[in-house]
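Undergrad: got a structure for you, letters missing:
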Ligand code: ATP
């Protein structure tokens, strides 16, 4: 059976960068955020449920108005929880189906929130990508062309990185001092060996 491996880390830690290295190694990666966006755009049953909860205008013209929805849930923890309760099960199901189709010894599911969402229990191992907070803030400001305050607001929804990394089975340090590729190779070899046992 295929090993299911989570890849997580805070905003700007370098999850997508590390995922890119796994892909080069021939390991398939499921991007949970991208899948959630696709499901919200295409799954009609989910669209109906989202409209019932947040109003028809969220899908005005048949297209999801992401900005409007983001504005509704951003400062309202209850509404965010409601949205997650609708979207997470569909995304988990899509990831599960995708995992079963992969032919490699292990496959990776990339998501910012496993422990926060309570979905880490579906995984055999979790890899954490760690980078110091000031570096993460700087990276996201540059990548997304946003202010420091906007990055801090996004970060405030995630659990503390030190706690998150302690919950992970492997930690990759992406502080731009330690080399990334050798660390990922080491994790890859460990996972191949675990899959063979
Ligand atoms: P998010 O959770 O916001 O999607 P992420 O954890 O996937 O972020 P990345 O998008 O991989 O993070 O990295 C954030 C930014 O930092 C990107 O622009 C990326 O190119 C850059 N970056 C990541 N790691 C490094 C590195 N080791 N050296 C230089 N730049 C890096």
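TA: Arrived safely. Being a predicted model, the structure only gives us computed values, none of them experimental.

Undergrad: once you drop chain neighbours, what's closest to the most centrally placed residue in the chain?
TA: Centroid-nearest residue in the chain: residue 111, 1.4 Å away (criterion: Cα atoms, centre = their mean). In space, and not counting its chain neighbours, residue 111 is closest to residue 32: 3.7 Å by Cβ to Cβ, 6 or more residues apart in numbering. No exception for glycine: its C-beta is placed from N, CA and C like everyone else's.

Undergrad: my guess is that neighbour meets residue 110, correct?
TA: Yes - between residue 32 and residue 110 there is a contact at 6.3 Å, judged by Cβ atoms under 8 Å.

Undergrad: by contact count, what packs against the helix or strand containing residue 7?
TA: Under the criterion of DSSP states H and E, residue 7 resides in strand 3-8. On a contact count with 3 or more Cβ pairs under 8 Å, 6 or more residues apart in numbering; DSSP states H and E, strand 3-8 meets helix 15-24, strand 106-110, strand 125-130, helix 180-196.

Undergrad: ok, that strand: who's next to it in the sheet?
TA: strand 106-110 (parallel), strand 125-130 (parallel) (DSSP bridges).

Undergrad: now those strands in TSV, with mean pLDDT, mean neighbour count and distance to residue 165?
TA: As requested, the strands paired with strand 3-8 are exported to TSV (pLDDT from 0 to 100; neighbours: other Cβ atoms under 10 Å; distance: least, Cβ to Cβ, whole Å):
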stretch	mean pLDDT	mean neighbour count	distance to residue 165
strand 106-110	96	24	16
strand 125-130	96	24	5
